[in-house]
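**Student:** for reference, the sequence and a predicted model appear below.
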Amino acid sequence: MVSSSLKAKDAPVSDRPTLDSVVEPRAAQGSWASVSSGLLDSRTAALEKMLEAHQGDRQLVILQDFPDPDALSSAWAYKLIAAQYEIQCDIVYAGTLSHQENIALVKLTGIPVQRWPCQSPKSKAKDLSPYQGCVLIDNQGTTSQLMAPVQQAEIPLVLVIDHHSLQEDLEAEVIDVRSDTRATATMLTQYLQAGLLTLDSSNNAHVKCATALMHGIRSDTHDLRQAQEEDFQAAAFLSRFYDSQILNTVLQSARSKQVMEVIERALKNRSIVNNVTIAGVGYLRYDDRDAIPQAADFLVTEDNVHTAVVYGIVHDEDEDLELVVGSLRTTKLTLDPDEFIKEAFGQDAQGRFFGGGRSLAGGFEIPMGFLSGLNENSEYAKLKWTVYDKQIKQKLLHLVNPENSMIDAS
Ligand SMILES: [Mn+2]
């Protein structure tokens, strides 16, 4: 049994506004079949109205720093929709594409995405003046370093389409946040089905975008094993257009040696308490950051394990910056990763949470502040890891096994 502090997903949460209070009344049940066509119609109408009002604009579509297939494909679908309104979109992210499948997806389908490294004194600031609006897809701005410069340039937030839990203080012209939906790609596919863009199987970009969306849905639903009716409906629609050969090639991309080594460390270091497996993997390079969620994906497959948390210290050589990065994966439908992570790690001095999540997955990033920075002294590096490892483990165990969560001080 997991402690009662792992609250059921459907337990009443805070009084934060939900999409329903922002956009429209809630449907009787969450499933696609029961969502009245009226609900979809009003969402489509809201998006259409925004697009019409911004005809001829140039928009910046911001993805999280480490974009995944769901984000990449959804942003592309939005770009294709917006193009019909003569809105030119640039899809950007600040971090890196480090999962081999994501690199293969972008290469094979040609998703028009650009890396805009930021924060670095070396990388010169991007000119944001051509943009009249900014759009967040598969995120709400909390996982992108680009939000700060965009807010500074006072570019209005015109649209948010996401399925992570709704963040407080989110303001945009149109907000479509559905935390019960498994994939943002499902939401974008619904907009396509509603007629915002007519897919044409003789159009190469359409076929490749449909392929990317199919991959997006698959990857956010554990290969459809956790898919809901609406995801199957969306996948069924995409099946008329997508290229299964490209998708196969993407899925067959091999794991890098570094990823294998991180998985090995995760296996070796894991401890299992109340069906939750927790593993610290020590230091890793910035480019190998995606090994952490991949290790969590792997650990959650163990017998009698429903939730895996893997974390490590990621070192960015370019910036000489270190931060603790962690991923959570769960197959337990009643566990809310967003709540779990917020409860485990709390907030920083500015009141921002160290992480959050969506259904079945979550992540966190803890800046190391004064302790950040590579040190040549391996004893010191070891000591620093030990401190972080124990502190994170203690916070996680406090939730997983409250009676016995004190660390062994010996
Ligand atoms: Mn997603």
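**Tutor:** Everything's here; your move. Numbers count the residues shown, from 1 in each chain.
**Student:** from now on I want contacts and neighbour counts done on CA atoms only, so please keep to that.
**Tutor:** Noted.
**Student:** per the record, what domains does this protein have?
**Tutor:** Listed domain ranges for the chain are 19-251, 257-404 (source: automatic domain parsing).
**Student:** mind checking which of the ones you listed is nearest the ion?
**Tutor:** domain 19-251 (4.9 Å; C-alpha to the ion).
**Student:** how far out from the middle of the chain is that closest one?
**Tutor:** Put simply, domain 19-251 sits 11 Å off its chain's centre (C-alpha atoms, centre = their mean, to the nearest Å).
**Student:** for stretch 324-333, same thing?
**Tutor:** The answer for stretch 324-333 is 12 Å, by C-alpha atoms, centre = their mean.
**Student:** who's in contact with it?
**Tutor:** 9, 289, 292-293, 296-297, 300, 306-314, 337, 359-368 (C-alpha atoms under 8 Å, 6 or more residues apart in numbering).
**Student:** can you point out the buried residues in that stretch?
**Tutor:** 324-331 (16 or more other C-alpha atoms under 10 Å).
**Student:** ok, now stretch 306-320?
**Tutor:** So, applying 16+ other C-alpha under 10 Å, buried residues of stretch 306-320: 306-316.
**Student:** could you single out the nearest of those to Asn375?
**Tutor:** His315 (11.1 Å; C-alpha to C-alpha).
**Student:** how much space between that closest one and Ala381?
**Tutor:** 12 Å (C-alpha to C-alpha, to the nearest Å).
**Student:** now do Leu213
**Tutor:** Distance from Leu213 to Ala381, by C-alpha to C-alpha: 42 Å.
**Student:** which of the two has more neighbours?
**Tutor:** Under the neighbour definition other C-alpha atoms under 10 Å, Leu213 and Ala381 were set side by side, and Leu213 has more, 31 against 15.
**Student:** OK, contacts around the more buried one?
**Tutor:** 69-70, 73-74, 77, 185-186, 189, 238.
**Student:** list the ones among the residues you listed that fall in helices.
**Tutor:** Among these, DSSP state H puts 69-70, 73-74, 77, 185-186, 189, 238 in helices.
**Student:** what are the boundaries of the helices in the stretch 201-350 of the chain?
**Tutor:** 204-220, 229-238, 244-251, 257-269, 291-299, 337-345 (DSSP state H, counting those that start in this stretch).
**Student:** thinking again about what came up before, columns pLDDT and distance to the ion on top of the contacts of Leu213, output as TSV?
**Tutor:** Shown next, in TSV, are the contacts of Leu213 (pLDDT from 0 to 100; distance: C-alpha to the ion, whole Å):
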residue	pLDDT	distance to the ion
Pro69	96	8
Asp70	97	5
Ser73	98	10
Ser74	98	9
Ala77	98	14
Ala185	98	7
Thr186	98	9
Thr189	98	13
Leu238	98	17
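**Student:** intersection of neighbour lists for His315 and Ala381?
**Tutor:** In contact with both His315 and Ala381: Leu374, using C-alpha under 8 Å, 6+ apart.
**Student:** lowest-scoring secondary structure element of this structure by mean pLDDT?
**Tutor:** Least confident helix or strand of the chain, by mean pLDDT, DSSP states H and E, is helix 19-22 with a mean of 38.
**Student:** which element follows that one toward the C-terminus?
**Tutor:** helix 37-53 (DSSP states H and E).
**Student:** other SSEs contacting that following helix?
**Tutor:** strand 174-177 (3 or more C-alpha pairs under 8 Å, 6 or more residues apart in numbering; DSSP states H and E).
**Student:** so is the strand it packs on next to the ion?
**Tutor:** No - applying C-alpha under 5 Å from the ion, one finds strand 174-177 separated from the ion by no less than 11.4 Å.
**Student:** just give the strands next to that strand in its sheet, each with its orientation.
**Tutor:** strand 157-162 (parallel) (DSSP bridges).
**Student:** okay, now the unreliable bits of the stretch 301-410 of the chain?
**Tutor:** The stretch 301-410 of the chain contains residues with pLDDT under 70 at 404-410.
**Student:** not counting residues beside it along the chain, what's closest to Glu86?
**Tutor:** Gly56 (4.8 Å; C-alpha to C-alpha, 6 or more residues apart in numbering).
**Student:** relative to Glu171, how far out is the one you found?
**Tutor:** 23 Å.
**Student:** also Val92?
**Tutor:** 20 Å.
**Student:** does His99 touch Asp290 like I think?
**Tutor:** Yes - shown here, His99 and Asp290 form a contact pair, counting by C-alpha atoms under 8 Å, at 5.5 Å.
**Student:** comparing those two, which shows the higher neighbour count?
**Tutor:** Regarding His99 and Asp290, a neighbour count based on other C-alpha under 10 Å identifies His99 as having more, with 25 against 22.
**Student:** which parts of the stretch 101-250 of the chain sit against the ion?
**Tutor:** Proximity of the stretch 101-250 of the chain to the ion (C-alpha under 5 Å from the ion) is limited to residues Ala183.
**Student:** where in the stretch 101-250 of the chain is pLDDT low?
**Tutor:** Checking the stretch 101-250 of the chain against pLDDT under 70 turns up 119-124.
**Student:** try it again at 90.
**Tutor:** 101, 117-127, 167-169, 222 (pLDDT under 90).
**Student:** what sits closest to Tyr286 if chain neighbours are left out?
**Tutor:** Asp316 (4.9 Å).
**Student:** residue contacts, the one you found?
**Tutor:** 285-286, 322.
**Student:** Tyr78 now?
**Tutor:** Shown in contact with Tyr78 (C-alpha under 8 Å, 6+ apart): Leu188.
**Student:** that one and Ser256, how far apart?
**Tutor:** To Ser256, Tyr78 is 31 Å away according to C-alpha to C-alpha.
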